[in-house]
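Engineer: Build me a structure from this.
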Amino acid sequence: MNFKKELAEILFESLKGEISVQDLEQLIEKPKNQEHGDLAFPCFTLAKVKRKSPNQIAQELSSTIQSPLFEKIEVIGAYLNIFLNKQQVSEQVIKEIGTLESRYGMQAIGNGGKVPIDMSSPNIAKPFSMGHLRSTVIGNSLALILEKCDYKPVKINHLGDWGTQFGKLITAYKLWGEAEKVKQNPIKELLTLYIRFHDEAEKDPSLVDQGRSWFKKLEDGDKEAHELWQWFRDESLKEFSRIYDLMNVAFDSFNGEAFYNDKMDRVVKLLEEQQLLVESDQAQVVELTEEELPPCLIKKSDGATLYATRDLAAALYRHETYHFDKSLYVVGNEQSLHFKQLKAVLGKLGYDWAKNMVHIPFGMMLKDGKKMSTRKGKVVLLEEVLDESISMARHNIEEKNPNLENKDIVAKQVGVGAVIFHDLKNFRMNDIEFSLEEMLRFEGETGPYVQYTHARACSILRKGNWSADWQPSRIDYSWEKEWKVITMLMEFPNAIKRAFNQYDPSQVAKYVVDLAQAFNKYYGEVKILEDNNEKQARLALVYSVTVVLKEGLRLLGVEAPDEM
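Structural biologist: Below you'll find the model as predicted:
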């Protein structure tokens, strides 16, 4: 049901193969104004090939395009405007969605290839803040979109469970910590200690040296240091799991930074063997002058390894373990240089697969225009935001639909969905100003608006005693009002393809808002349940909308209640 491709193939025949089908398909547009048709083909590119004016080419081509799927062809300037046959196309769209249901929109792209996704990756011993929401929900949505495109995603929570901050935390615990307090409220107490360390270190710089010393002990396998670290890690994972369960996000691996401790020597040895390591200010680096990048630090002067060493080890491990088609890193925009260096070093080592590693950057979650910082205590806890959102959803249900069954389940679906959707409706590179009020609005371009539209459509189906077994011999969809919804339903596979190609879930989020708006306009203009010859056909259209809205929300990691 790819009408663009169908048109491209007809044009290819008419042009006697002067331009490939793929290139022609790329040129075909969707007119902004529906009065200009459903598809448009600009003839400017052909002017260079044919040495004729674009308008003349458009006139000539218009007489050669024939297909039962095209109702009318108009020439406006250099454009060929094609009007689809509403009757035939509508029938195809409705029948395809009815047959495929949630499989509608699947893309045969990946051939089952594995794609590790490095995502979420909070630091242990620190609370799960709003700052980690973006990597978590973007990564989770991309995994679902990849699955829809026939890949096998492998979701990896590359925990921040190693580094000098643990030396600082152990120092703070040894100086001011109380075991009982930590047991009662682990994350809150550890955060208090971490913030205190930074406050005290500003007055007493020797604390920083103590922190480094404890981290060196941890790296060297000191028993006390390791036991404290393990305790902090276990408590953190319990806390994180509760939040992931709330958001319905699961992982295939929790291998964090510590997992690669015994795998970094191999990286250093490989770099030494290929004579890529050079000394600079007593540290070991890989020069990347040819790549126009600063040197990549591999080992500090005290012999401690760095993020780059660890990520090189992780890249090697993932390639050898998963034999990936591509490997994605859903990590903030501020790490862009790090990933350029990482790929460049792997390239110098001769690993051709490094070109299939993709950094997927995103903007920051800001508070009052500034980046949230755990160190300074400027942090908004994700769990508190989710709890408040669920509570507000519950309050709305009590006001508007007090007799609703499963109120708690629906409140959770709506409350959590509101937070996730608020993030994903924005293009990932944009910074997002944290605003609980904006996030929890239940009208406009929000998750609850789309969920409510889905629930409303489900309610219409119940009232109309709709049965999905209904198979009409012919559906009359020649009316303009239905056509606007049909053309939106046709767009779903394209929205998925765009989201996949651009690694951008907002393509799907914007699409479901547009479909919800088109359906609500239709609902306001047409008496769907009026008993006449069109009732069943209209209900078939409503059913198609529920299928696509539910699947679109699922690809974002948001649930679609049948009642609200």
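Engineer: the strands in the stretch 51-200 of the chain, which residues?
Structural biologist: 70-76, 79-84, 114-118, 152-156 (DSSP state E, counting those that start in this stretch).
Engineer: How far off centre is the longest one?
Structural biologist: Read that as strand 70-76. 38 Å (Cα atoms, centre = their mean, to the nearest Å).
Engineer: and if you look at stretch 272-282?
Structural biologist: 38 Å.
Engineer: Show residues contacting that stretch.
Structural biologist: 268, 271, 284-287, 295, 298, 301, 345, 348-350 (Cβ atoms under 8 Å, 6 or more residues apart in numbering). Quick note: C-beta positions are derived from backbone N, CA and C, even for glycine.
Engineer: For it, measure first residue to last.
Structural biologist: End-to-end distance for stretch 272-282, by Cα to Cα, to the nearest Å: 16 Å.
Engineer: same question, stretch 243-258
Structural biologist: With Cα to Cα, one end of stretch 243-258 sits 22 Å from the other.
Engineer: buried stuff in that stretch?
Structural biologist: Along stretch 243-258, these residues count as buried under the neighbour rule (16 or more other Cβ atoms under 10 Å): I243, Y244, L246, M247, V249, F251, S253, F254, N255, G256, E257, A258.
Engineer: Give the phi and psi angles for the residue lying closest to S14 once chain neighbours are set aside, as a check.
Structural biologist: Closest residue in space to S14, ignoring its immediate chain neighbours: T64 at 4.1 Å, by Cβ to Cβ, 6 or more residues apart in numbering. Main-chain dihedrals, T64, degrees, to the nearest 10: phi -100, psi -10.
Engineer: check contacts around T64.
Structural biologist: I10, E13, S14.
Engineer: got a list of contacts for stretch 411-422?
Structural biologist: Residues outside stretch 411-422 that contact it (Cβ under 8 Å, 6+ apart): 133, 137, 246-248, 385-386, 389-394, 396-397, 432, 438-442, 446-448, 450-451, 509, 553, 556-561, 564.
Engineer: ok, 6 Å please
Structural biologist: When contacts are defined by Cβ atoms under 6 Å, 6 or more residues apart in numbering, stretch 411-422 is touched by residues 137, 247, 386, 389-390, 393-394, 397, 439-440, 447-448, 451, 557-559, 561.
Engineer: Point to the residue nearest the middle of the protein.
Structural biologist: The residue lying closest to the centre of the chain (Cα atoms, centre = their mean) is I138, at 3.1 Å.
Engineer: my read: it touches L328, true?
Structural biologist: No: with contact defined as Cβ atoms under 6 Å, I138 does not count as touching L328 (10.0 Å).
Engineer: Point out the most buried one among the strands of the stretch 51-200 of the chain.
Structural biologist: strand 114-118 (a mean of 24; mean count of other Cβ atoms under 10 Å).
Engineer: okay, stretch 206-216 in PDB with CA atoms only?
Structural biologist: The C-alpha coordinates for stretch 206-216 follow below in PDB (Å, rounded to 0.1, in the frame of the first residue of the first chain):
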ATOM      1  CA  SER A 206      42.700  17.800  50.900                       C
ATOM      2  CA  LEU A 207      39.300  16.000  50.900                       C
ATOM      3  CA  VAL A 208      39.600  15.700  47.100                       C
ATOM      4  CA  ASP A 209      43.000  13.900  47.500                       C
ATOM      5  CA  GLN A 210      41.400  11.500  50.100                       C
ATOM      6  CA  GLY A 211      38.600  10.800  47.500                       C
ATOM      7  CA  ARG A 212      41.200  10.000  44.900                       C
ATOM      8  CA  SER A 213      43.000   7.700  47.300                       C
ATOM      9  CA  TRP A 214      39.900   5.700  48.200                       C
ATOM     10  CA  PHE A 215      39.000   5.300  44.500                       C
ATOM     11  CA  LYS A 216      42.600   4.000  43.900                       C
END
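Engineer: which SS state does the residue nearest to R456 when sequence neighbours are not counted fall under?
Structural biologist: Once flanking residues are discounted, R456 sits nearest to Y523: 7.1 Å by Cβ to Cβ, 6+ apart. Under the three-state scheme (DSSP: H, G, I helix; E, B strand; the rest coil), Y523 adopts helix.
Engineer: For A283, see how far away Y523 is.
Structural biologist: According to Cβ to Cβ, to the nearest Å, Y523 and A283 sit 65 Å apart.
Engineer: likewise L190?
Structural biologist: L190 is 31 Å from A283, by Cβ to Cβ.
Engineer: swap in P42?
Structural biologist: Distance, P42 to A283, by Cβ to Cβ: 55 Å.
Engineer: do the same with W162
Structural biologist: From W162 to A283 the distance is 19 Å (Cβ to Cβ).
Engineer: So which of the two has more stuff around it?
Structural biologist: Neighbours per residue, other Cβ atoms under 10 Å: of W162 and A283, the larger number sits with W162, 23 against 17.
Engineer: Was I right to think the more buried one contacts A258?
Structural biologist: Yes: W162 lies in contact with A258 (Cβ under 6 Å); the separation is 4.5 Å.
Engineer: Which residues are in contact with each of those two?
Structural biologist: Contacts common to W162 and A258, judged by Cβ under 6 Å, 6+ apart, are absent.
Engineer: Give me the subset of the contacts of stretch 272-282 that lies in strands.
Structural biologist: Using DSSP state E to define strands, the subset of those located there is Q284, V285, V286, I298.
Engineer: I'd like the residues you listed as TSV, with neighbour count and distance to W176 appended.
Structural biologist: Listed next are the ones in strands among the contacts of stretch 272-282 as TSV, based on neighbours: other Cβ atoms under 10 Å; distance: Cβ to Cβ, whole Å:
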residue	neighbour count	distance to W176
Q284	23	36
V285	20	37
V286	22	40
I298	23	35
